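*Asks:* I need the structure of the sequence given here:
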Amino acid sequence: MENLLLNQFNNVISLQWPYNEFEETYPPLTPRELFELAYHTCNSIGMRNIMIKLSQSETTGGSQAIFYSNTKKFLSIETFDDSLRARKYFPEGSSGDKLINDIYPKLKRRKELFAIKNIELKLALLKTILVERKLDECANYVMLKDINRKVYFSIGDARESAAVVPMFMEAEGSSLVQLALNKWMTIVQTFDHEKPFPENYVAGLLKNLMQIKKWVLNLLTTNLDK
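*Replies:* Sure thing, here's the model as predicted:
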């Protein structure tokens, strides 16, 4: 399905709108680790991920994510050979100050904290951010009314990714999250996988996805910042 917001970003926003930006070098993290931390730190309930591309190697640049916020601003995260760059594009009369004053300092602090965590916790955090990304992917498919097959597999990826992370599965409320994901997999499985996601189910699935996303964001923030 056509992604009108992404088309608008590529053809107008990224070329014409003013923006604020920061760049951060990788060491002591890998490009993928810093990208995942930046993804979570830039994300919120009010953000919609409209595009993600991951580098084939965790140790090189080439990953990119683009968000659209409920305040009608766009935010891009991109990894290059030596650094990660984030840009917040905003319409005239607005600003992207939060990127510099709030998000960037938070990311720098999380980078320091992440670097000294044990390997097991690092892996758990990265796998939980994967769940966060899959929830965002699913929400975007639903809002685009993309085909049911994509919606089904993104829910399944989120569920299966969560199931192998003790930090996730042992957290209070995780059983309700898994039940909700299982319920929607069962529902979507009954749909024709090559047809668009049905309009009358959009609001219900999006509501559940946002509830789960809020829970996942809180779980990650708690474990990242301590």
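*Asks:* domain assignment for the chain?
*Replies:* Domain assignment of the chain by automatic domain parsing yields the ranges 4-116, 120-224.
*Asks:* now the protein, which segments are flagged as low pLDDT?
*Replies:* 1 (pLDDT under 70).
*Asks:* got the residue ranges for the helices in it?
*Replies:* Per DSSP state H, the chain has helices spanning 4-8, 14-16, 31-42, 97-98, 104-115, 119-144, 148-163, 166-169, 174-189, 199-224. These are given in chain order.
*Asks:* Can you lay out the domains of the chain as TSV showing mean neighbour count?
*Replies:* Heads up, the C-betas are built off the backbone N, CA and C, glycines and all. Formatted as TSV, the domains of the chain follow (neighbours: other C-beta atoms under 10 Å):
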stretch	mean neighbour count
domain 4-116	17
domain 120-224	17
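*Asks:* ok, the closest residue in space to I212 that isn't next to it in sequence - contacts?
*Replies:* Among residues not flanking I212 along the chain, V177 sits closest, at 5.3 Å (C-beta to C-beta, 6 or more residues apart in numbering). With contact taken as C-beta atoms under 8 Å, 6 or more residues apart in numbering, V177 is in contact with 162, 212, 215-216.
*Asks:* Which members of the residues you listed are the farthest-apart pair?
*Replies:* Using C-beta to C-beta, the pair of the contacts of V177 lying farthest apart is A162 and W215, separated by 10.7 Å.
*Asks:* Just the C-alpha atoms of stretch 45-63, please, in PDB.
*Replies:* Extracted in PDB, the C-alpha atoms of stretch 45-63 (Å, rounded to 0.1, in the frame of the first residue of the first chain):
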ATOM      1  CA  ILE A  45       3.300   6.700  22.200                       C
ATOM      2  CA  GLY A  46       2.800   9.900  20.000                       C
ATOM      3  CA  MET A  47       5.300   8.700  17.400                       C
ATOM      4  CA  ARG A  48       4.500   6.500  14.400                       C
ATOM      5  CA  ASN A  49       7.300   4.700  12.600                       C
ATOM      6  CA  ILE A  50       6.700   5.100   8.900                       C
ATOM      7  CA  MET A  51       9.900   3.500   7.600                       C
ATOM      8  CA  ILE A  52      12.700   1.300   8.900                       C
ATOM      9  CA  LYS A  53      15.700  -0.100   7.100                       C
ATOM     10  CA  LEU A  54      18.400  -2.100   8.900                       C
ATOM     11  CA  SER A  55      22.000  -2.600   7.800                       C
ATOM     12  CA  GLN A  56      22.900  -6.100   6.900                       C
ATOM     13  CA  SER A  57      25.800  -5.900   9.300                       C
ATOM     14  CA  GLU A  58      25.500  -4.900  13.000                       C
ATOM     15  CA  THR A  59      29.000  -3.300  12.800                       C
ATOM     16  CA  THR A  60      28.500  -0.900   9.900                       C
ATOM     17  CA  GLY A  61      26.200   2.000   9.100                       C
ATOM     18  CA  GLY A  62      23.200   1.900   6.700                       C
ATOM     19  CA  SER A  63      20.300   1.600   9.100                       C
END
